Structure formats: C-alpha cells, structure tokens
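# The sequence and its predicted three-dimensional model are supplied below.
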Amino acid sequence: MITYNQTFADANLILETFKNLEMSYIILVSTNGSIVYGMQYNVTSQSLEPLTSSIMAHLASDSYILGRSIEGIYTSGLLSVDGRPVLFAARPILTSDGQGPSHGAFFMGRVMDQVVLDRFEASTALPIKLFMINDTSLTSEITSAGLSDLIDNRMTIKVLNESTIAGYALADDIYGYPVAAIRVTIERDIHAQGVMSNYSLLASLTIASLIFGLIVFFAIDRTVTSRLSNLRQDVSRVGSKSEGKMHVASQGQDEIGVLADNINGMLVAINTAQERLIDSERRYRGIVEDQNELIARFDPELRVTFMNVPFLRTVDTDWDMVKGKRLDNLMGRKTVDMIMGHVGELSIATPVSTFESAVEGHEGTIWVRTSLRAIYDGAGKITEYQTVSTEITERKKMEEALKQANNKLGILSNITRHDMNNQMLVLNGFLELCKLQNRDPDVAMYLDKINRAAANIQVQIAFTREYQELGIQAPIWTSVGGQIAKAFALLHPAGISLEDRTNGLEILTDPLAEKALYNLVDNSIRHGERITRIRIDLQPVGDAMLVIYEDDGVGISAKDRLHLFEKGSGKQTGFGLFLIREIFGITGITIYENGHIGEGVRFEILVPSGAWRRLSS
C-alpha cells in the first residue's frame, strides 16, 4: 500500500465488484493518511463516482476512524453520510497471515437503504423503518416530546392508530452520538380482541336493554301513561270550560289517583276563588262606578284600558267607543300634552303627581284636580297610568269670586289708607303750626303726645299695607341662601362676612318670605353693634329641616326674648319679627330665637316635611 497499483485496481476494484459485494463505498488509505483509492457506487445511475466531501470529512488525517484503523484497530458502526445512514467498517491492511505492522487501512460502507431494511424485516418478521435523528418526519410522527423521551431513555413506544403500535430505539454512530432511530411496528391484536369483546358486550347489553325497555314501556303505558293521558285530557277539558263545575275523573288509590284527587281539590279552590273574585270585582266595580271622581287608566302608548261611568259621561261616550283608543282621540291636544308633561315627572321614588287643570267636556270647560299615578311591574317597568280626577269647578268659581273680593277690598284699603295718610299729613301740619304759636309749656307737652300718637297711627297704617299682602298669593319655593345673599347685595354691610351652608335648600313659603329673610339680615346689621359674621346652617330633625340663622353680635337678652315676636315689640316699629313669624306660619314653618346674650342671635327656623327640598332635586 505504499504505492498505488493501477493494474490491481482495474482488475479488482471495478463496478461489478461493488455490485457483487453490495457495497456503496470502498476506500484504501496509506499509513501516512493519504487516500490511495476511493470510489462510491450510485445505485440510481448504476455508476461509480468520486467520494463526496461528507465521507471525506470522516477520513481526514486527524480523524478518529483513520487513526484507529492505521493503528491496527478494527472499527465498525453507523455513519451519517450525505444525510443517509451508512454501515461502515474499517480494517487495517496486514499480511496474509494477519501479521503487522499495518500497511494502511481498508474501508467499506453500505448505505442503509430499503433493500437492507427489507432483509432485516425478512429475518425478524417485523416491519422496520430507519429515521435519521434530524429527520422532520420522525418529529412529526412521535412529536417533539416523544423525541426528547427517545433521546433521554434511548427508546420509546407510541400508538400509531387503533391497530398498530410502534417501538423506537436510538442508534449511535461510530463516535457514540445518536444518529438514527429504528422503528419496529407490530399489530395490536390483543387490543383489537379487547375492543371486539367490548363491542360484543355493548351489543348484548343494548339488545337486553331494548327488550327490557319495551317490557317496561308497555307496562308503564298500561299502568301510568294511558292514565296520565286521560288525566291530561280531563285537565284540558276543564281548562276550556268557561263556566259550570270543574272536575277530573278519579283514577284509583295509587299516586295517580291521589294526584287526580288533589287536582279536584285545587279545582274546587279555584272555582271558589273565581266566584269570590267575580263577586269582588262586581262589588268594587260598583264602588268605582258610583264615585263622582273621574277614574281612567291608560297604557304607555296612551291607549285607554279603563274608564268609569262619570268619566264616560264627561266625554259624552260609552265604553265600547273608547276601549283601546288613544287619549288624544278623546281629549284635546292641549289636555293630553299637559298630562304627558306630568307623566315625565313620575319615577319609582315619586310615582304620584297631583295637579289642577281645565278640561273640555261636552257641557263646556270644567276644572278638575287630578292625581296621576304610574303603576310599575316587578322589574320596575311602567305598565299603566291611572288618573283620579275630582271636579273642582265650583271651588274654582268661589276662589275667583274670593280673589275679586280681595282685590276690591285691597283697592278699598289702599284708597282708605291714602285718604288717612292725607289727613295725617294735614294733622301733622296743624300740629307744627300749633307748636310754633304756643308759649304754654303744658300745652307743648300735650302737643308732643298728640304728635307721637299721630306717628304711631302712621306706623300702623304702614303695617296694614304690608299685612294686607300676606297670604294673598300662593306659596312658592324660595331659596334660603339665595335670598340672604340678595339681602347682602342690597344692604352692602361693610366688614361682615356671609357663610352659606344651605347647599341649595328651598322652602315652601309665602312670596313675602323674601322680605322676612331681608329683615333678619337688616336686624343683625342694625342691632348687632359689633357683628362681623352671619352664618346660615342646616340640621335635619327627623323628616323636618332646621334652618339656623346666626350672627356674632351682642345678642338678645332673656327678657326681650319673651316678647320678641309679639306685635309692637322691638326697638323700631315692633312689626318686623311679628311679620316674619306670620309669613313663615302660613306654610307651617315656625321660628324661635335661642341665642345667648353677648354671643349673637340664633334664629331656628323649623321647616316641616314636604315644605323643603334640595334645589338639585
């Protein structure tokens, strides 16, 4: 092997040699590591080809295989060459009697193609397949997890389908690294036999169940179903009857018979309740029909669902003519718009709205006081509206007559007061003339008393002008904080601060309450002497609200507090606080003074429930 013998190669290392030996690679290497001869057999083209770089990499001068072979060590195993598994064997070249030293190395390799695998299958009688370790088809067959398990344990088992199970074993190359996986598959005969046994058992159970079910069905039909069907027909017949006695046929003493008896008992109770309901409806309808109030109900689409006789008389029609019709077809558009305006104010918290309005009837315009109620279902949805209207035409006429009489009395009072003021002016003029011409001290004293009496008369005349306006107009909602702030703006108190803690509170009072609140501020400024602060605060008292007016002036003595709200009490006319109490009293509001001398006044205004509200609401 020191020199290459071309004659030997041409005679022995020919194509037929590769075919006869079924070799894919034959390689001769000298002791210095150079390849003396090397060819590979291409099965597809049936020709010899030079060695590829892949096989040459295993035969480098410093390779593991070459070094062992030159040293005389036999080496064999698997190699990965060009992505294919190759059975590879290396032998040192010795003398004919097997003596060394080695004159080089002789390499032979066989690709593990299907021909080789078929031989393995023939000898083992088992299907065998070889996968390279990096073959994607192996990963897709046993998954990444299965590949990891194979590498870790060097073997794994996987069920391929219902009839086949596969075992995988790891094969190392000459270097000791995993290079391929060998798969052996066998039929799952035991599993198939178990499945068939399960099918047979299931089929047997199914047939037995069908037979048993048919027996039970006919038994139940005879003893239960047909009787229940008869009972159902009886119940349907009872449900379709509108009158007469209701009952179902008795069915014996078992559970179905007891059920029929219970149904009969229930039907008796229903029949009794229905008779009571009809009687109650007749009685209460009579009560509703006998009322003078105009009672009606309508749904959210304004369709009439009920209207009593007085209401029908008012619109000059009968029930058959209005049933299901819309309100705007029975009443004027203005009246319907007014009702819908109040409907928009209703809620679960405030389901009732009361108002007065004029309604056009067939006999002309009438006035009614109406209570409008929203009726809700369990889900909080409006199902109907109910109106109960009381005719107040006569009251309205009397109110108008009283208003006209009050106007006339007011005119008369104004004229009388004007004439009295003119006469007082004349009286004061003559008193002044008398004072100028009088020289008698006793007479001067009497003239002064007459002058003071005349001044008191003028104050009382002024008081009648203010008291005359009290209660003339309907109460209105008045903002406490707003009116106090307005008084501050008019009085311009220097050096005095205002603390308003009413948070938009409104109270229902006579329109003159504006003057009452103004007088409180004016009194604080006039009589507080050293006042620097006025504060309005709130304190709930049950359902009522306590409005607290305070200043930090000199306060009011206990003696003056006893007569504080009496007419004529006070440092000026004596009518201010008396009028304040009268103004608040019209709507049930009371006022007290609970301050302390030297600490300022504290007026407590108690507003009853229903006479106060928050501006935001």
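It's in.

# Quick check: Arg369 is in a strand.
Yes - judged by DSSP: H, G, I helix; E, B strand; the rest coil, Arg369 forms part of a strand.

# Show me the shaky parts of the stretch 251-400 of the chain.
Scanning the stretch 251-400 of the chain with the threshold set as pLDDT under 70 gives 251-253, 281, 283-291, 360-363, 399.

# again, only using 90
Scanning the stretch 251-400 of the chain for pLDDT under 90 picks out 251-298, 300-372, 377-380, 387-400.

# Please apply the same query to the stretch 501-617 of the chain.
503-504, 509-519, 521-530, 556-587, 595, 610, 614-617.

# Strands of that one, start to end?
Under the criterion DSSP state E, counting those that start in this stretch, the stretch 501-617 of the chain contains strands at 505-509, 533-541, 544-551, 590-593, 602-607, 612-614.

# Ok, the stretch 251-400 of the chain next?
Under DSSP E, counting those that start in this stretch, the stretch 251-400 of the chain gives strands at 294-298, 304-307, 352-361, 364-376, 382-391.

# now for the second one, which elements pack on it?
The one in question is strand 304-307. strand 294-298, helix 319-322 (3 or more CB pairs under 8 Å, 6 or more residues apart in numbering; DSSP states H and E). C-beta here means a position set from N, CA and C on the backbone, and glycine is covered the same way.

# run the last query once more with 6 Å
With contacts taken as 3 or more CB pairs under 6 Å, 6 or more residues apart in numbering; DSSP states H and E, strand 304-307 sits against strand 294-298.

# Give me the spatial nearest neighbour of Val601, chain neighbours excluded.
In this structure, Val601 finds its nearest non-sequential neighbour in Gly595, 4.5 Å apart by CB to CB, 6 or more residues apart in numbering.

# Kindly list the main-chain dihedrals of that neighbour?
phi -80, psi -180 (degrees, to the nearest 10).

# can you check Glu22 too?
Per-residue torsions, Glu22: phi 50, psi 40 (degrees, to the nearest 10).

# and the gap between it and Arg119?
10 Å (CB to CB, to the nearest Å).

# How about Asp254?
Distance of Asp254 to Arg119, computed by CB to CB: 80 Å.

# Val195 now?
Applying CB to CB, the value for Val195 to Arg119 is 34 Å.

# Please apply the same query to Gln437.
166 Å.

# Compare those two and say which is more crowded by neighbours.
Arg119 (11 against 7; other CB atoms under 10 Å).

# what about the more buried one, helix or strand, and which?
Element membership of Arg119, judged by DSSP states H and E, is helix 114-124.

# Run the angle between the helix or strand following that helix and helix 114-124 for me.
The element immediately downstream of helix 114-124 (helix or strand, assigned by DSSP H and E) is strand 128-132. Angle, strand 128-132 to helix 114-124, by axes from the mean of the first three to the mean of the last three CA atoms, to 10 degrees: 140 degrees.

# avg pLDDT for strand 128-132?
Taken as a whole, strand 128-132 carries a mean pLDDT of 87.

# elements contacting the one helix or strand Leu79 maps to?
Element membership of Leu79 [criterion: DSSP H and E] is strand 75-81. Strand 75-81 is packed against helix 64-70, strand 84-92, with contacts defined by 3+ CB pairs under 6 Å, 6+ apart.

# hmm, try it at 8 Å
Packed next to strand 75-81, using 3+ CB pairs under 8 Å, 6+ apart, are helix 53-57, helix 64-70, strand 84-92, strand 105-111, strand 164-172, strand 178-187.

# Quick one, which of the strands of the stretch 251-400 of the chain gets closest to Asp320.
Evaluated over the strands of the stretch 251-400 of the chain, closeness to Asp320 peaks at strand 304-307, with 11.1 Å, by CB to CB.

# re the thing from before, distance of the residue nearest to Val601 relative to Arg535?
12 Å.

# Between those two, which contacts overlap?
Shared contacts of Gly595 and Arg535 (CB atoms under 8 Å, 6 or more residues apart in numbering): Glu550.

# returning to what we had before: ranking the strands of the stretch 251-400 of the chain by burial, who's on top?
Most buried of these by mean neighbour count (mean count of other CB atoms under 10 Å) is strand 294-298; its value is a mean of 20.

# Mind giving me the packing neighbours of that strand?
Secondary elements touching strand 294-298 (3+ CB pairs under 8 Å, 6+ apart): strand 304-307, helix 309-314, strand 382-391.

# Kindly reformat these as CSV containing distance to Phe217.
Output for the helices and strands packed on strand 294-298, formatted as CSV (distance: least, CB to CB, whole Å):
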stretch, distance to Phe217
strand 304-307, 51
helix 309-314, 62
strand 382-391, 48
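
# What does the residue nearest the centre of the chain show for phi and psi?
Nearest to the centroid of the C-alpha atoms of the chain, with distances taken as CA atoms, centre = their mean, sits Ala379, at 15.3 Å. Dihedral pair for Ala379: phi -90, psi 0, per degrees, to the nearest 10.

# State the distance from it to Tyr385.
17 Å.

# Equivalent analysis for Thr370, please.
11 Å.

# got it, and Arg526?
55 Å.

# again, but for Met108
107 Å.

# What of Asn329?
Distance of Asn329 to Tyr385, computed by CB to CB: 16 Å.

# Save the strands of the stretch 501-617 of the chain as JSON lines, and put in distance to Val81 too.
Formatted as JSON lines, the strands of the stretch 501-617 of the chain follow (distance: least, CB to CB, whole Å):
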{"stretch": "strand 505-509", "distance to Val81": "100"}
{"stretch": "strand 533-541", "distance to Val81": "99"}
{"stretch": "strand 544-551", "distance to Val81": "102"}
{"stretch": "strand 590-593", "distance to Val81": "114"}
{"stretch": "strand 602-607", "distance to Val81": "106"}
{"stretch": "strand 612-614", "distance to Val81": "95"}
